[in-house]
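Enquirer: with the sequence up front, the predicted model follows.
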Amino acid sequence: MKFARFAALAALVFASLVSTQVLAADEASTTSASAPAVPGAVGEPGTTYSKHGADTCLECHDADADTPTFTTAGIFKGKHGQRRNSHSPFGQGGLQCEACHGPGDRHATQKTKRTLTIASQKPNSFQTPAQRNEACLTCHQGSTRNAWHGGAHDRAQLACTDCHKLHTDHDPVLTKKTEAEVCFRCHKEQRTQFQKPSTHPVSQGLMACSDCHNPHGSGAQAMLNKPTLNQTCFSCHAEKRGPMLWEHAPVSEDCALCHTSHGSVRPALLSKSPTMLCQSCHSVAGHPAVARTGAALPGNSGGGSIFLINGGCTNCHSQIHGSNHPAGAMLMR
Ligand code: HEC
Ligand code: HEC
Ligand code: HEC
Ligand code: HEC
Ligand code: HEC
Ligand code: HEC
Ligand code: HEC
Ligand code: HEC
Ligand code: HEC
Ligand code: HEC
């Protein structure tokens with residue numbers, strides 16, 4: 001590792017830093033004994049950045065300090081460790097470790113209460129989620145996070161790091177196959193929905209929650225990617241958009257009048273079983289819902305229709321999303 005080259009030099013400077021900083025800290029603690037806690041007192045985060053950046057940090061946070069679940073060096077395997085990207089923490093002039101962990105000089109030099117002196121970015125830190133997020137938003141405010149502030153996850157006080165892992169070469173939430181697992185940690189009800197017989201292929205890893213939702217917040221209901229529910233669906237089911245010669249009013253209004261988005265025990269994600277679904281809006285008169293009864297269907301005046309098997313209104317009205325056939329007014333062709 002490149003940093004090793006500087007280790008010896010860093011150690012020298014480090015030693016002198018320790019002595020001066022500890023002195024300064026001691027002074028601060030005696031003079032402020034009766035005063036309310038001042039920022040910068042012993043046991044509080046410092047305000048100065050470490051002069052040698054990561055070289056200082058890596059003196060202690062080397063491979064020996066790694067745990068089975070954490071490696072410091074992991075940060076160099078991801079995009080944040082890129083040195084040629086001038087926007088990355090390790091790009092030229094970047095604050096390196098301290099871009100995310102805040103000023104670390106006091107932490108590096110003070111010998112006690114170390115965890116109180118550095119912003120760990122972990123849930124048990126002394127920072128609120130909003131404070132932790134500030135470090136990230138300094139670089140990531142724009143793009144898909146324009147609506148972060150005020151979005152449901154911001155309101156619920158989530159931290160960026162509730163979803164993102166950074167000291168790793170592989171952040172599970174960024175991969176279609178593993179994203180949903182991260183969401184399911186909190187969204188248990190949705191986990192159940194996606195186990196039903198008819199679902200979008202999320203558990204198969206072919207689709208992700210973020211194909212429909214913006215986890216960073218959006219102006220739409222349920223943080224959908226597009227301004228309306230239907231527009232969200234059209235981004236993949238474009239053939240349902242129309243315009244149709246003969247529209248079926250509820251389709252152009254709201255797909256959710258008939259479909260759930262996450263999962264259903266009925267075919268095609270339907271929110272009710274087919275006959276009940278249709279007859280929640282359409283009168284039963286002239287269109288009985290039971291097959292092979294005496295009651296007639298239109299065009300089948302001899303008796304009950306075998307076509308109703310399985311509640312099959314769509315056996316005849318197959319163009320349920322609208323028709324472009326000149327004689328398609330009844331959505332049959
Ligand atoms: C002189 C050794 C030393 C140096 C230099 C040092 N640290 Fe630490 N750091 C520690 C120790 C010891 C801990 C506490 C570990 C523990 O208690 O689990 C710690 C903990 C941390 C934590 C976790 C805090 C928490 O609440 O769990 C972070 C983050 C951290 N250091 C970042 C840094 C950064 C960034 C730098 C460079 C600016 C740095 N450290 C320099 C020794 C050092
Ligand atoms: C891009 C932001 C970012 C940078 C840069 C960064 N870290 Fe971290 N660090 C985090 C986050 C977020 C966590 C919380 C744990 C996690 O998500 O993996 C963390 C956790 C830690 C911890 C605590 C680990 C534990 O579980 O106790 C230490 C120690 C640490 N970082 C040291 C460093 C050092 C040293 C550097 C520089 C070589 C560095 N970090 C650079 C974001 C960053
Ligand atoms: C100093 C600026 C800076 C800070 C601070 C920073 N990032 Fe980044 N981040 C970047 C850059 C630059 C990239 C790479 C962008 C690219 O290549 O498209 C990046 C990429 C990412 C990515 C995408 C990684 C990938 O593999 O595609 C995620 C997720 C991310 N950052 C989250 C965070 C979080 C969470 C924090 C706060 C703990 C944070 N960042 C802090 C600059 C920063
Ligand atoms: C609820 C989980 C969640 C939270 C909280 C979250 N993210 Fe993300 N983030 C994702 C997912 C999922 C993706 C990949 C899909 C996408 O781009 O929408 C992603 C992608 C990213 C990317 C890379 C792609 C891009 O948009 O540039 C960056 C950078 C990023 N997030 C930064 C952040 C920052 C900064 C925060 C905190 C303000 C944050 N994220 C909070 C789930 C989350
Ligand atoms: C750390 C817990 C946590 C994680 C992880 C998480 N969420 Fe959430 N999410 C919440 C909370 C809390 C709310 C707000 C209360 C609620 O509606 O349940 C919420 C709300 C939502 C909403 C509803 C928004 C609204 O306006 O009603 C959506 C959609 C959502 N999350 C999607 C996701 C997706 C997608 C992921 C994964 C990329 C994810 N969440 C990961 C905790 C989490
Ligand atoms: C095919 C698009 C789509 C996918 C994929 C999807 N959702 Fe949704 N989700 C929606 C729609 C549409 C709504 C709004 C439902 C409504 O208001 O009728 C919604 C609503 C939600 C809500 C708000 C509560 C609710 O049920 O109304 C949460 C939370 C949520 N989704 C989480 C998730 C999670 C987590 C995933 C991934 C496992 C996911 N969604 C995948 C379309 C989708
Ligand atoms: C990111 C692309 C995408 C988006 C957005 C999307 N879908 Fe899908 N949809 C799919 C895929 C992929 C399938 C599975 C096709 C297959 O299995 O052959 C599917 C299947 C379906 C099915 C049939 C399910 C079955 O069991 O046969 C329905 C109904 C459906 N989607 C409705 C919707 C609705 C309503 C929305 C908007 C809330 C929506 N879709 C948004 C990609 C998408
Ligand atoms: C009036 C109720 C109703 C509405 C509203 C509705 N659908 Fe459907 N949809 C159905 C029925 C019923 C089926 C099953 C068709 C069958 O039995 O063959 C279906 C099947 C589907 C399928 C799977 C088969 C296919 O045709 O590809 C998709 C995808 C689909 N709908 C998408 C949508 C989208 C997108 C919207 C909103 C633009 C929507 N639906 C609105 C009733 C509806
Ligand atoms: C949310 C309410 C709703 C649901 C559910 C619904 N429809 Fe409709 N349907 C309508 C409306 C509104 C019209 C337009 C009626 C009009 O223009 O007079 C319509 C029109 C029709 C037409 C055209 C005939 C006409 O009078 O214009 C047929 C056929 C039809 N629907 C069949 C079905 C079938 C089959 C189902 C079940 C798969 C179904 N509908 C579910 C509301 C609904
Ligand atoms: C055997 C074929 C067939 C089946 C099955 C069928 N229909 Fe029809 N439906 C028709 C025909 C033919 C017409 C046109 C009658 C006309 O032109 O007067 C029609 C007309 C309609 C209309 C518009 C006129 C009216 O009666 O309001 C609606 C709505 C409708 N059907 C709904 C349904 C529903 C709901 C079901 C399921 C319970 C269903 N249909 C099952 C053949 C069928």
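Expert: The structure has been received and is ready for your questions. Residues are numbered from 1 along each chain as shown. Ligands and ions are numbered 1, 2, ... in the order given.

Enquirer: residues of the stretch 51-200 of the chain that sit close to ligand 2?
Expert: Applying C-beta under 6 Å from any ligand atom, we find that the stretch 51-200 of the chain lies next to ligand 2 at 54, 57-58, 61, 70, 72, 75, 80, 89, 96-97, 99-101, 120-122, 161, 165-167. All C-beta atoms are positioned from the backbone trio N, CA, C, and that covers glycine.

Enquirer: now, those residues that are in strands?
Expert: Among those, none falls in strands (DSSP state E).

Enquirer: hmm, which of those are the buried ones?
Expert: Listed as buried from those are 54, 57-58, 61, 72, 75, 80, 89, 96-97, 99-101, 120-121, 161, 166-167; burial here means 16 or more other C-beta atoms under 10 Å.

Enquirer: run through the residues of the stretch 51-200 of the chain next to ligand 2 and flag the ones next to ligand 3.
Expert: 80, 89, 99-100, 121, 161, 166.

Enquirer: burial of Arg185, as a residue count?
Expert: Other residues within reach of Arg185, judged by other C-beta atoms under 10 Å, total 11.

Enquirer: where does the prediction get shaky in the chain?
Expert: Counting by pLDDT under 70, the chain contains low-confidence ranges at 1-43, 286, 288-311.

Enquirer: near ligand 8, which residues of it are found?
Expert: Counting by C-beta under 6 Å from any ligand atom, the chain sits next to ligand 8 at 230, 233, 237, 240, 248, 250-251, 255, 257-259, 268, 270, 274, 314, 320-321.

Enquirer: mind redoing it with 8 Å?
Expert: 230, 233-234, 237, 239-241, 248, 250-259, 267-270, 274, 277-278, 281, 312-314, 318, 320-321 (C-beta under 8 Å from any ligand atom).

Enquirer: and the residues of the stretch 51-200 of the chain next to ligand 2, which of them are in helices?
Expert: Mapping these onto helices (DSSP state H) picks out 54, 57-58, 99-101.

Enquirer: so Cys313 sits right up against Met276, yeah?
Expert: No: Cys313 lies out of contact with Met276 (C-beta atoms under 8 Å); the separation is 10.3 Å.

Enquirer: so if I had to pick from those two, which one is more boxed in?
Expert: Neighbour comparison, Cys313 and Met276: the larger count goes to Cys313, with 21 against 13 (by other C-beta under 10 Å).

Enquirer: list the contacts of that one.
Expert: 274-275, 278, 287 (C-beta atoms under 8 Å, 6 or more residues apart in numbering).

Enquirer: can you redo these as TSV with secondary structure and neighbour count?
Expert: Shown next, in TSV, are those (DSSP: H, G, I helix; E, B strand; the rest coil; neighbours: other C-beta atoms under 10 Å):
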residue	secondary structure	neighbour count
Pro274	helix	21
Thr275	helix	19
Cys278	helix	19
His287	coil	19
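
Enquirer: now, among these, which is nearest to ligand 9?
Expert: Cys278 (2.8 Å; C-beta to the nearest ligand atom).

Enquirer: gap between the nearest residue to that closest one once chain neighbours are set aside and ligand 7?
Expert: Spatially, and ignoring its direct neighbours in sequence, Cys278 is nearest to Cys313 (4.7 Å; C-beta to C-beta, 6 or more residues apart in numbering). Relative to ligand 7, Cys313 is positioned 16 Å away (C-beta to the nearest ligand atom, to the nearest Å).

Enquirer: just His259 next, same as before
Expert: 4 Å.

Enquirer: Gln96 too?
Expert: For Gln96 relative to ligand 7 (C-beta to the nearest ligand atom), the value is 38 Å.

Enquirer: contacts for stretch 215-227 next, please.
Expert: 144-145, 147-154, 163, 183, 209-214, 228-229, 232, 234-235.

Enquirer: no more questions from me, cheers.
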